[in-house]
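Participant: Here is my input, please return the structure:
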Amino acid sequence: MKVVFFVYLWWPKTKGTRLVYETLLKPVIAQHETEIDRKIMELRARAWDFFIFYFHNFAQAGQSTFIQAFQYVLAQSVRFSAAAAANQPVPTHLFYFFP
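Facilitator: Residues are numbered from 1 along each chain as shown. From the prediction side, this is the model:
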C-alpha cells in the first residue's frame, strides 16, 4: 500500500503531489504563514549571531597563535644571533614553533 501511495505521489500523470499539496499542505501553510516567516527570520538572525561569535573567536585565537609564533621566531633569532656572535653551533630545533 505504501508503494502504491509513493508511486501515486511520484508519477507525473496522476498529479498526486499537487492534489496532496493543494488540499492538505497549502491551507495549513497559508494559515500559519506569518508565524513561519517570523521563525525563519529568527533562525536567520540566530545563524548570523552564531557565525559572528565563532568568527570572532577564530580571529582571536588566530591572532594569539600568530603572536606566539612571532615571539618564538624572535626568540630563536636572538638565540641564533648570540650563538653566531660567540662562534657556537646553531641550535638544531630552530624551526619548531612550540617547544
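Participant: need the longest helix for this structure.
Facilitator: Criterion DSSP state H: the longest helix present in the chain is helix 33-85.
Participant: now that helix, how far from the chain's geometric center?
Facilitator: When distances are taken as Cα atoms, centre = their mean, to the nearest Å, helix 33-85 is centred 13 Å away from the chain's centroid.
Participant: Give me the mean pLDDT for that helix.
Facilitator: Helix 33-85 comes out with an average pLDDT of 90.
Participant: Whatever helix or strand Leu19 lives in packs against which elements?
Facilitator: Leu19 belongs to helix 16-20 when assigned by DSSP states H and E. Helix 16-20 sits against helix 2-10, with contacts defined as 3 or more Cβ pairs under 8 Å, 6 or more residues apart in numbering; DSSP states H and E. All C-beta spots, glycine's among them, are computed from the backbone N, C-alpha and C.
Participant: And the helix it packs on, what does it pack against?
Facilitator: Checking 3+ Cβ pairs under 8 Å, 6+ apart, helix 2-10 ends up next to helix 16-20.
Participant: Specify the next element, helix or strand, located C-terminal of the helix it packs on.
Facilitator: Heading C-terminal from helix 16-20, the first helix or strand you meet, by DSSP H and E, is helix 26-31.
Participant: Just the buried residues of stretch 4-18, please?
Facilitator: Neighbour-count burial for stretch 4-18 flags Gly16 (criterion: 16 or more other Cβ atoms under 10 Å).
Participant: Contacts for that stretch, please.
Facilitator: Stretch 4-18 has contacts (Cβ atoms under 8 Å, 6 or more residues apart in numbering) with Val20.
Participant: Tabulate the CA atom coordinates of that stretch in PDB.
Facilitator: Extracted C-alpha coordinates of stretch 4-18, given in PDB (Å, rounded to 0.1, in the frame of the first residue of the first chain):
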ATOM      1  CA  VAL A   4       1.200   2.400  -4.300                       C
ATOM      2  CA  PHE A   5       0.900   5.700  -2.500                       C
ATOM      3  CA  PHE A   6       4.500   6.600  -3.200                       C
ATOM      4  CA  VAL A   7       4.000   5.800  -6.900                       C
ATOM      5  CA  TYR A   8       0.800   7.900  -6.900                       C
ATOM      6  CA  LEU A   9       2.700  10.900  -5.500                       C
ATOM      7  CA  TRP A  10       5.700  10.400  -7.700                       C
ATOM      8  CA  TRP A  11       4.100   9.600 -11.100                       C
ATOM      9  CA  PRO A  12       3.600  12.900 -13.100                       C
ATOM     10  CA  LYS A  13       0.400  11.800 -14.900                       C
ATOM     11  CA  THR A  14      -1.500  11.300 -11.600                       C
ATOM     12  CA  LYS A  15      -0.600  14.700 -10.200                       C
ATOM     13  CA  GLY A  16      -0.900  13.200  -6.800                       C
ATOM     14  CA  THR A  17       1.700  15.500  -5.300                       C
ATOM     15  CA  ARG A  18      -0.200  18.600  -6.500                       C
END
